[in-house]
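Asks: okay, sequence plus prediction incoming.
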Amino acid sequence: MGTDADLPVLTTDQADRLRAEARAAFARRGVDVTGDGAELRAGDRRFPLHTVAQKVRQADEQYWPQVIDAHVGALFGTPDSADDLTDDDLLAGTYLRLLPDDFAPDPAAFRYVRPVAAGLVAALAVDLPQAVQVLDDATVARLDADAAWAAGHRNLAALPVEDHQVAERPDGARIHLVNGASMFVASMALTLPDLLRRTTGAEPPADGVLVAVPWRHHIAFHPIVDATALTALNDMTAYAVGAHADNPGPLSPRLYWWHDGTLTSTTHIDDAARTITPAPPAELIDILVRLRG
């Protein structure tokens, strides 16, 4: 049984069963839903299945009907937006979120967001039962900005690592790949030292880490420790472009260099020529030359 394309924490058979059980649970409440991917739909309402997929993954399959029914039942008594939450509940569900710098249709409502690197900004978002909502200026001000940013960092750092794999190149270059159903997987670039500790058992190396965040459910990284970093730089540059184009929820086609808490683009995008090429900053070039001896 292969991994389901839309709910990767489950096999295809398990995901099909989840969808069928969820449709039945909605039907028992008089709601006719459609959809066979990562969400069910009833008119204009959408019901993502990522959260309940995580719940059933941790339960014995004989209890799946009860778990799914309880989840669906809770949707009818849960908040639809951040405005429906108390301050404490809002802080408990707020995460840092990495977003494209052009994410906001009305940038004037999101002046609090922070620039991260070329093409990327950091915002705050709340994980609601039916959606992930990016907080606007008014909501952040209501919470106190410092408290909101601190809560977002704390909650993101505690986000479970669902799927961690390592791709090894012929020269020994090791590229770490982290995937998950959460909308915040790529955002873990904002808490990268914690992610490295949990996946590699080590702190970020002094020379930094190469990082790709092509879409929201995925992050790839390579700790720079030896001469294989040049292979990783070239391979990950091409990988980020392809993965950004091929997956839903695209974030950035660029490769980045994390160093001392800062992300710097290592990619040059020529819109006129429609080319994307490696363009590491001078400091990173010096590191690569030194490591190659």
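Replies: Right, received. Where do you want to start? Numbers count the residues shown, from 1 in each chain.

Asks: what about the strands in the protein?
Replies: Using DSSP state E, the strands of the chain run over 39-42, 45-48, 94-100, 114-117, 120-127, 132-134, 163-168, 174-179, 209-212, 218-223, 255-259, 262-265, 267-270, 275-278.

Asks: count of residues packed around the residue nearest to residue 38 when sequence neighbours are not counted?
Replies: Once flanking residues are discounted, residue 38 sits nearest to residue 6: 4.0 Å by C-beta to C-beta, 6 or more residues apart in numbering. Where you see a C-beta, it was placed from the backbone N, CA and C, and this is true even at glycine. By the measure other C-beta atoms under 10 Å, the count of residues near residue 6 is 18.

Asks: related to what we said a few turns ago, now the strands of the chain in a markdown table, with mean neighbour count, mean pLDDT and distance to residue 14?
Replies: A markdown table is the format used below for these (neighbours: other C-beta atoms under 10 Å; pLDDT from 0 to 100; distance: least, C-beta to C-beta, whole Å):
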| stretch | mean neighbour count | mean pLDDT | distance to residue 14 |
| --- | --- | --- | --- |
| strand 39-42 | 16 | 87 | 16 |
| strand 45-48 | 17 | 82 | 17 |
| strand 94-100 | 24 | 96 | 26 |
| strand 114-117 | 16 | 98 | 36 |
| strand 120-127 | 22 | 95 | 23 |
| strand 132-134 | 18 | 89 | 24 |
| strand 163-168 | 12 | 96 | 15 |
| strand 174-179 | 19 | 97 | 17 |
| strand 209-212 | 26 | 99 | 29 |
| strand 218-223 | 24 | 98 | 21 |
| strand 255-259 | 24 | 99 | 34 |
| strand 262-265 | 17 | 98 | 36 |
| strand 267-270 | 15 | 93 | 37 |
| strand 275-278 | 14 | 91 | 37 |
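
Asks: export those to CSV and tack on distance to residue 143?
Replies: Putting those into CSV (distance: least, C-beta to C-beta, whole Å) gives the following:
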stretch, distance to residue 143
strand 39-42, 28
strand 45-48, 24
strand 94-100, 8
strand 114-117, 16
strand 120-127, 9
strand 132-134, 13
strand 163-168, 32
strand 174-179, 29
strand 209-212, 29
strand 218-223, 27
strand 255-259, 28
strand 262-265, 26
strand 267-270, 35
strand 275-278, 38
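
Asks: of all these, which one comes closest to residue 230?
Replies: Shortest distance between residue 230 and these, using C-beta to C-beta, is found for strand 275-278: 9.4 Å.

Asks: neighbouring contacts of that closest one?
Replies: If you take C-beta atoms under 8 Å, 6 or more residues apart in numbering as the criterion, strand 275-278 is touched by 233, 234, 237, 241, 253, 255, 266, 267, 268, 269, 270.

Asks: list the contacts of the residue nearest to residue 38.
Replies: 15, 37, 38, 49.

Asks: out of the contacts of strand 275-278, who's nearest residue 158?
Replies: Taking C-beta to C-beta as the measure, residue 158 sits nearest to residue 255 out of the contacts of strand 275-278, at 26.9 Å.

Asks: so who does the closest one touch?
Replies: Shown in contact with residue 255 (C-beta under 8 Å, 6+ apart): 210, 211, 212, 233, 236, 237, 240, 265, 266, 267, 278.
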